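K.L.:
here is my input; please provide its structure:
(chains A and B)
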2 protein chains.
Amino acid sequence: MKKYTYDYLFNFTKTLFSKMGCSSDDSKTIADVLLKAELRNIPSHGMLRLKDYHLFWKEGMINPKPDVKIVHETPSTAVVDGDLGFGMVPGRKSMEIAIEKAKKIGTGWVATRNSSHFGIAGYYTMMALEHDMIGLCFTNANPTVAPTWSIDRMLGTNPMAFAVPAKNQPPFVADFATTPIARGKISIAEKKGEKLPFGFVQDKDGLPTDDPGTLRTGGAILPLGSDREHGSHKGYCMGAIVDILSGVVSGANFGPFVPPTVAYLPRNPKSVGLGTGHFFGAMRIDAFMPADEFKERMDEWIVNFRAARPAVGQEKVLIPGDVEREYEALLMKEGITLVPKVVEDMKEVAAELGVDFE
Amino acid sequence: MKKYTYDYLFNFTKTLFSKMGCSSDDSKTIADVLLKAELRNIPSHGMLRLKDYHLFWKEGMINPKPDVKIVHETPSTAVVDGDLGFGMVPGRKSMEIAIEKAKKIGTGWVATRNSSHFGIAGYYTMMALEHDMIGLCFTNANPTVAPTWSIDRMLGTNPMAFAVPAKNQPPFVADFATTPIARGKISIAEKKGEKLPFGFVQDKDGLPTDDPGTLRTGGAILPLGSDREHGSHKGYCMGAIVDILSGVVSGANFGPFVPPTVAYLPRNPKSVGLGTGHFFGAMRIDAFMPADEFKERMDEWIVNFRAARPAVGQEKVLIPGDVEREYEALLMKEGITLVPKVVEDMKEVAAELGVDFE
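P.N.:
Sure thing, here's the model as predicted:
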């Protein structure tokens, strides 16, 4: 299958967003976030999204020239209004504000409203690393998840991401949905005509099912833990906290009111805020101890966990971020493979915007 | 079965800790935290612990007169040394410091080392509510949990707790282990001679088991998600983040080096820091928007989630904190029931310390 170089896809993506009216800087930011997802082998948040982003833009749901600004602040906090831009633009700006605040007083915390889908949450947390800071990022998302004991889709797959710098070891980078599975993987199973394992989704009555099409007929994704006995109420708590920090605190929509980014979810006629919401945090490690001492401690944490004995039949224990980092090095060198359907969609978008794509 | 009034148990507990040499204020704090657990129907963190606490004190592992102090700080952060006190004393002090910092600059973040078991994490988060703040609290704990694909017990059940104030609705209070089940429930099944459902623990080879005695023979508790397919690597990430914030950031022990609080776990001969670690956060809601506006938004969040339609066979959807709050009102009025084994242990401790207990 054809392989694309990072540079080719980066320039293509950048040009595409410029054609939609985004500034050169903003187009670069958007391309950077989307290509980071491709490199880290999270294709669900990469080129796959171009068609949807273009569609939102055509429908006027996105402002390509947003005036992203702080609407409320204290020395350690800010609320940022994303002016309905592509989410990467308010996302990057918000994390920069959190980092600036942390430089001054130790930590910075930014809640962002009036934003939209911003790609991988991990991107923003990793911005903190070069400043010797711990980065945090949460976002709410499409309502597809039912709280424990409910049939209503009240929450998104609401990811949490954390990045922690180390010294000689690579950084710890965790970026995970608060559900057993990402929505994209359910769509893939459906397209392939495969059943899901039990514990991923429930049907319209809240009963167990293995049907990946259930989201189209009133079913829902389950919270992490899958059922009450195995702790799904804890996954529900995590998704709820992400939603409260991203949506309630910022003044964005929350819970079932978050604007959907997939066609089969109806848009809630009611709005309780502005757009989608995110939450960002940056903590200077030397706000707690000398930076070098912290990094040595983090090295020791990583070395110890990496040395944990594997279970029977397993090769090794992973440190969060290991797999993605290895892919990043490999794909930067060997190129990025795209599935035919995505290439087809990209060609369609490119043709509409008058951009070359081979 | 006999019921004890809150006041009787509070005064008994306070007297017990005074007899161990704690100051009157510290004894009151410890009793307050332990009784809050009893009232909220979390007996695993209440009177059940008195025997262990007394044992640690007898063995000289606890300093009853700790000099809890800040060892490093910035305007928004502090590292607190708990001087090896009973964990509730550095715990309460640390959260007070976080709240004071938040009053000044919006948020406050405190990492605490050289502490010990501190009771329910939710207690500290709820301290933030009366100040119109969001409270966060994490702690590391006994190494009993294996990372995904490992057989080594590298993490504790590492709880996360969050409290968020509302206006007319009661607050949102979530306090949950990052595992499918708490360690205490495994012990109860073992004592009753019952099997566990699969997905709670693994055996010494990392293979599935339903044997609650497996922790004594090299087995481990699984992270939330239970297996890789259902997202246990996400539960592992959560437990890891709690450990890094509580242990690495504070200068406490982390991972497999956290001092055990149960007899069947060997004490790790290596130490990488001081005692057990915690992490506390306080965020003023008016650091993001006018407090009243925030509380109205939070009311709307709660009302919407409470109205979510229940699944077939279920009565209603719960808001985190609902059940515990209902118990608190009920048990404060009707009294607290203790299981016979706990009463027996309490009598033993009371006799040793020369305190009356009926």
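K.L.:
can you get me a residue count around whichever residue of the stretch 101-250 of chain A sits closest to chain B?
P.N.:
Residue nearest to chain B within the stretch 101-250 of chain A (C-beta to the nearest C-beta): residue A:206, separated by 2.3 Å. Placement of C-beta: from N, CA and C, glycine included. Residues near residue A:206, counting by other C-beta atoms under 10 Å in any protein chain shown, number 23.
K.L.:
burial count for the nearest residue to it once chain neighbours are set aside?
P.N.:
Leaving aside its sequence neighbours, residue A:206 sits nearest to residue B:311 (C-beta to C-beta, 6 or more residues apart in numbering or on different chains; 2.3 Å). Residue neighbour count, defined by other C-beta under 10 Å, stands at 22 for residue B:311.
K.L.:
can you read off the backbone torsions of residue B:311?
P.N.:
phi -70, psi 160 (degrees, to the nearest 10).
K.L.:
shouldn't it be in contact with residue A:151?
P.N.:
Yes. Contact criterion C-beta atoms under 8 Å: residue B:311 and residue A:151 qualify, at 5.1 Å.
K.L.:
and for the two, which residues touch both?
P.N.:
Common neighbours of residue B:311 and residue A:151 are listed as A:202, A:205-206 (criterion: C-beta atoms under 8 Å, 6 or more residues apart in numbering or on different chains).
K.L.:
what residues are up against the closest residue to residue A:261 other than its chain neighbours?
P.N.:
With sequence-adjacent residues excluded and distances taken as C-beta to C-beta, 6+ apart, residue A:261 is closest to residue A:117, at 5.1 Å. The contact partners of residue A:117, by C-beta under 8 Å, 6+ apart, come to A:49, A:52-53, A:86-87, A:141, A:261, A:276.
K.L.:
name the helix or strand for residue A:117, please.
P.N.:
According to DSSP states H and E, residue A:117 maps onto no helix or strand at all.
K.L.:
equivalent analysis for residue A:163, please.
P.N.:
If you go by DSSP H and E, residue A:163 is part of strand A:160-164.
K.L.:
list the buried residues in that strand.
P.N.:
The neighbour-count check on strand A:160-164 (16 or more other C-beta atoms under 10 Å in any protein chain shown) flags A:160-164 as buried.
K.L.:
repeat that for stretch A:295-313.
P.N.:
Quick answer for stretch A:295-313 (16+ other C-beta under 10 Å): A:295, A:297-298, A:300-302, A:304-305, A:308, A:311.
K.L.:
next one: stretch A:62-78
P.N.:
A:62-64, A:66, A:68, A:72-78.
K.L.:
quick one: the helix or strand bottoming out on mean pLDDT in chain A to chain centroid distance?
P.N.:
One helix or strand of chain A scores below all others by mean pLDDT, DSSP states H and E: helix A:183-192, with a mean of 83. Offset of helix A:183-192 from its chain centre (C-alpha atoms, centre = their mean, to the nearest Å): 18 Å.
K.L.:
now do the helix or strand following it, average pLDDT.
P.N.:
As assigned by DSSP H and E, the chain's next helix or strand after helix A:183-192 is strand A:201-202. Strand A:201-202 shows a mean pLDDT of 98.
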